[in-house]
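Visitor: all I have is the shape, not the residue letters:
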């Protein structure tokens, strides 16, 4: 599941870079699009923040999946030790 958050974060960060580049482009390159540079910078900032939040959720999700997997392995190993070598 964390892979989905990584993909979402990468997509949002890519669009943040595109929006940041659009704020630097002159308005003649943007026919029909908002020419206000501060609007593009604001959109880029929000996309950047959402992308970083998605990356954080992905990292935390991966961390908790790893902890869950290791605790399950430890539980099974303890169970095998309790049963003894005869079983």
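Guide: Looks like it arrived, so ask away. Model, not experiment: these values are computed from the prediction.

Visitor: off-centre distance for stretch 21-40?
Guide: Here the centre of stretch 21-40 is set off from its chain's centre by 27 Å, with Cα atoms, centre = their mean, to the nearest Å.

Visitor: kindly check the end-to-end length of it for me.
Guide: Counting by Cα to Cα, to the nearest Å, the length from the leading to the trailing residue of stretch 21-40 is 8 Å.

Visitor: check which residues of that stretch are buried.
Guide: Applying a neighbour-count criterion of 16 or more other Cβ atoms under 10 Å, the buried positions in stretch 21-40 are 22, 40. Any C-beta I mention is one placed from the backbone N, CA and C, and that applies to glycine too.

Visitor: what does stretch 74-87 give?
Guide: When neighbours are counted by 16+ other Cβ under 10 Å, no buried residue of stretch 74-87 is found.

Visitor: check which helix or strand covers residue 33.
Guide: In this structure, residue 33 is located outside every helix and strand according to DSSP states H and E.

Visitor: how about it, what does it touch?
Guide: For residue 33, the set of contacting residues under the criterion of Cβ atoms under 8 Å, 6 or more residues apart in numbering consists of residue 22.

Visitor: how much space between it and residue 76?
Guide: Per Cβ to Cβ, to the nearest Å, residue 33 is found 58 Å from residue 76.

Visitor: ok, now residue 67?
Guide: Counting by Cβ to Cβ, the gap between residue 67 and residue 76 amounts to 15 Å.

Visitor: per-residue confidence for the nearest residue in space to residue 38 that is not next to it in sequence?
Guide: The spatial neighbour of residue 38 that comes closest, neighbours along the chain excluded (Cβ to Cβ, 6 or more residues apart in numbering), is residue 23 at 7.6 Å. Confidence per residue is given as pLDDT, and for residue 23 that number is 85.

Visitor: residue 17 is in contact with residue 23, correct?
Guide: No: with contact defined as Cβ atoms under 8 Å, residue 23 and residue 17 do not form a contacting pair (10.9 Å).

Visitor: which strands or helices does the biggest helix by length in the chain pack on?
Guide: Once the chain is assigned using DSSP state H, the helix that runs over the most residues is helix 37-83. Secondary structure elements in contact with helix 37-83, counted by 3 or more Cβ pairs under 8 Å, 6 or more residues apart in numbering; DSSP states H and E, are helix 2-24.
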